[in-house]
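# No letters, just coordinates:
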């Protein structure tokens, strides 16, 4: 078998066999297939796509390229969720404790942020002492004992994906639904959970720019999950404006704590209640979505959801006093109000630009080597549908520098203000 023949075969739109896909993934991992040949193959996939069988074989080969975590010894149904990422997406910080407080077993391996989307791990590391590097044995023990662990991804998990993603990122081959789906699902399936809930985002601040593409990706990932006999669901949610009001690591942790107290933004709470109720149904801890929502709201009201976050923080060596008193989080010294240039209603906003502003402040990474500043970020005062007066703050920027006129101008240009009243956008498009 020769790689050049397989590249040509896929370039011509022909179907690859299991043995051929196994050969490609194994060869790329053991470096008998060089980057330049793998790049050519990935480009051929971008143009020709993969059918259902090829997608199954590719995902299977990627899963078996590294360690597979077995959580079967842990009692109960193990649940996991994955978001395709967006601006202000701190869902895991709320959803994990909320669902685990209802006796579900939440076993989650997360990643760091790159570009305008913040990573769950970076946010958790805003908490002094919090460690995300946990051995597989300790991961097992933590999920068994307190029902919740959010840790860094095991470096030996899905080795092929790490190599392939790094290559796709620099060869213009990221935008393929089949490659995106196999990348996400191989990691989720290798992580050992029994059920998977996918939050597939669309809009300006998301990777998928429209509902149609988000739905295609969601259905593709569901098919993969079902092929591996995993209970898999997907929510399609709107990322044309940031989720919640806070963008930035410490600011988002503070907002997540507020949400677990029942004091957070309505859209963040709505998303978490919807996602959490589906996870409870998947875990057989609720029979209907409405019953699940009622259970989750009770856990917020009685304080158990917040207590579960404290349990996880304590287990992972974080300082729980920051959960009790979020004012302890050190924020950047300058809080700068960006004022509206006119009166009217917020008709639209560009969440991608706001994410980029946060990154430029130091709250995100442009390269994997960049250091994160946990104290910078943005807090929105106005979102789509809100009325605004001339000179009223659109948002506040937390910065280490006083003179940030360029960033302030970026923010103003990201808002569209009209005299016409605008409806608030639909947050959750559908659940598949």
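Sure, I can see it. Just so we're clear, the structure is a prediction, and the values are computed from it rather than from any experiment.
# Name the SS class of residue 199, please.
Reducing the assignment at residue 199 to three states with DSSP: H, G, I helix; E, B strand; the rest coil gives strand.
# Contacts only, for it.
81-84, 91, 234-235, 237, 271, 275 (Cβ atoms under 8 Å, 6 or more residues apart in numbering). Glycine gets a C-beta too; all of them are placed from N, C-alpha and C.
# of these, the lowest pLDDT goes to which?
Lowest pLDDT of the contacts of residue 199: residue 84, 85.
# can you map out the strands along the stretch 1-150 of the chain?
For the stretch 1-150 of the chain, the strands defined by DSSP state E, counting those that start in this stretch cover 78-83, 105-110, 148-152.
# Under the pLDDT cut-off, which ranges of this structure? List them.
For the chain, the stretches with pLDDT under 70 are 111-118, 365-369.
# Which of the strands of the stretch 1-150 of the chain sits closest to residue 223?
With respect to residue 223, and counting by Cβ to Cβ, the nearest of these is strand 78-83 at 15.5 Å.
# Provide the strand pairings for that closest one, with the direction of each partner.
Partner strands and pairing direction for strand 78-83 (DSSP bridges) are strand 105-110 (parallel), strand 195-202 (parallel).
# Please identify the buried residues of the last one?
It refers to strand 195-202. Judged by neighbour count (16 or more other Cβ atoms under 10 Å), strand 195-202 contains these buried residues: 195-202.
# now that strand, how far from the chain's geometric center?
9 Å (Cα atoms, centre = their mean, to the nearest Å).
# And the helices in the stretch 151-300 of the chain?
159-171, 177-190, 211-227, 249-260, 266-282, 289-301 (DSSP state H, counting those that start in this stretch).
# how about the first one: buried residues?
Across helix 159-171, burial judged by 16+ other Cβ under 10 Å covers 159-164, 167-168, 171.
# how would you label the residue lying closest to residue 339 once chain neighbours are set aside: helix, strand or coil?
Leaving aside its chain neighbours, residue 339 sits nearest to residue 391 (5.1 Å; criterion: Cβ to Cβ, 6 or more residues apart in numbering). On the three-state scheme (three-state DSSP), residue 391 is labelled coil.
# Quick one: neighbours of residue 391, just the number.
Residue 391 has 11 neighbouring residues, counting by other Cβ atoms under 10 Å.
# Distance-wise, check residue 87 relative to residue 349.
Look at residue 87 and residue 349: by Cβ to Cβ, to the nearest Å, they are 10 Å apart.
# who's more crowded, those two?
For residue 87 versus residue 349, neighbours defined as other Cβ under 10 Å are more numerous around residue 87 (30 against 24).
# distance of residue 19 from residue 1?
Taken as Cβ to Cβ, the span from residue 19 to residue 1 is 8 Å.
# and if you look at residue 411?
54 Å.
# Looking at these two, which is more packed in?
Ranked by neighbour count (other Cβ under 10 Å), residue 411 and residue 1 place residue 411 first, with 22 against 11.
# Tell me which residues touch the nearest residue to the more buried one once chain neighbours are set aside, please.
In space, and not counting its chain neighbours, residue 411 is closest to residue 338: 4.7 Å by Cβ to Cβ, 6+ apart. Counting by Cβ under 8 Å, 6+ apart, residue 338 makes contact with 393-397, 408, 411-412.
# One more: residue 80?
Counted by Cβ under 8 Å, 6+ apart, residue 80 has contacts 106-108, 188, 191, 193, 195-197.
# The contacts of residue 338: which two are farthest apart?
For these, with distances taken as Cβ to Cβ, the pair at the greatest spread is 396 and 412 (13.6 Å).
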